[in-house]
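1. quick check, what structure comes out for this input:
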Amino acid sequence: EFNQTLGVDMSAESWGLVAVANIQEEGNLYDNAFFSQAGIDGPFAAPNMIGIGQGQIDFALDSDVFNHELTHYVSHNAVNYNASQIHGDEYGLSPWSGSIDEGISDYFACTLNDDPILGEATLGAFGVGRDLSDTSKTCPDDIRGEVHDDGELIGSYLWTIRGLLGAPRAYQLASSMVAMLPYGADFEDFANALTLAADGMLEVGTIDAIEREAISAALAERGLDSCSREQPLLPGEPHSFPLLFGLELVGQLFGASCAEVKAAGVALPWLFHQVVTPAPGDAGVAFNVTMVKDGPGDLSWAVYVRKDAHV
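-> Predicted structure coming up:
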């Protein structure tokens, strides 16, 4: 599909791929699937690998799963915009490109199978299947920093566009957008690339002006047209930001405890920076913050402010 429909040249040695249908984890059955850009050594050596688990459920029997991982593989080799869940930039933690990659992979898997439910035969059994017809998530209120969860916003938005344009033209729009994503892309980059791709399709007559407006309207409805790292904080208009995972999860990624991570001087900034523009004549700015914890452990936090630039 990627080669024939999109003309992606997959002939180079760097595209070599091995798929393992019964991957295990240290000899134990594995209830998941993944794409690894680290590849695999040994008699089946290749620079790319897709691992499919056969644990309580055989993930190899769900084509959604393989198509999802195959999209990760193609995106990495053709564009390489995903900088991972733990990528950082000048604003702090920046998992956005990983979220985009998950959402794109969900969308391509679902559109190939003409079904908005991702992994009903496998993930659904664990209660974690993803429904791209669910358009309830918006930015920034439902962003929490976990790539699969946040990727639902991207995948469901594209499924909405599929309903507007039909599968072939939505496929073209999504593919053109992906090709323009920079390494470490955030949701603002996604919106900008999507806008440029839609403008290009309008210019050549692939979509009409009404459809072009509908694409922008759907972006606005989901908050994706203003999902930048800097969010305005207005006087008298309190804003609730969603759950942010803590240092315990960060420690798990590196085999350390929350206390060990904190002792090493690691701090975890929120994904968005709030921007306050005082009115002329204001003598100061007061911030009122309420933090609600979700789970065990004590909250430890601080507010940092910097004039004329993000922290």
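2. count of residues packed around Asn77?
-> Asn77 sits with 20 neighbouring residues when counted by other C-beta atoms under 10 Å. (Each C-beta comes from the backbone N, C-alpha and C, glycine too.)
3. so how far is Thr71 from it?
-> 11 Å (C-beta to C-beta, to the nearest Å).
4. also Gly166?
-> Applying C-beta to C-beta to Gly166 and Thr71 gives a distance of 20 Å.
5. do Leu271 as well
-> 24 Å.
6. ok, Leu202 next?
-> From Leu202 over to Thr71 (counting by C-beta to C-beta), the distance is 26 Å.
7. same check on Ala217?
-> 27 Å.
8. so where is this protein shaky, pLDDT-wise?
-> 1-6, 242-243 (pLDDT under 70).
9. show me where it has strands.
-> 17-25, 28-29, 33-36, 48-53, 88-89, 92-93, 117-118, 130-131, 230-232, 273-275 (DSSP state E).
10. how far does the first one sit from its chain's centre?
-> Its chain's C-alpha centre lies 24 Å from the corresponding centre of strand 17-25 when counted by C-alpha atoms, centre = their mean, to the nearest Å.
11. ok so, going back, the more surrounded of Gly166 and Thr71?
-> Taking other C-beta under 10 Å, Gly166 and Thr71 do not tie; Thr71 has more neighbours (23 against 10).
12. next up, the contacts around that one.
-> 104-105, 108-109 (C-beta atoms under 8 Å, 6 or more residues apart in numbering).
13. coming back round to it: would you mind putting the strands of the chain into a markdown table with mean neighbour count and distance to Val65 alongside?
-> Output for the strands of the chain, formatted as a markdown table (neighbours: other C-beta atoms under 10 Å; distance: least, C-beta to C-beta, whole Å):
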| stretch | mean neighbour count | distance to Val65 |
| --- | --- | --- |
| strand 17-25 | 16 | 11 |
| strand 28-29 | 11 | 15 |
| strand 33-36 | 20 | 5 |
| strand 48-53 | 22 | 7 |
| strand 88-89 | 12 | 29 |
| strand 92-93 | 17 | 28 |
| strand 117-118 | 24 | 9 |
| strand 130-131 | 22 | 12 |
| strand 230-232 | 13 | 35 |
| strand 273-275 | 16 | 36 |
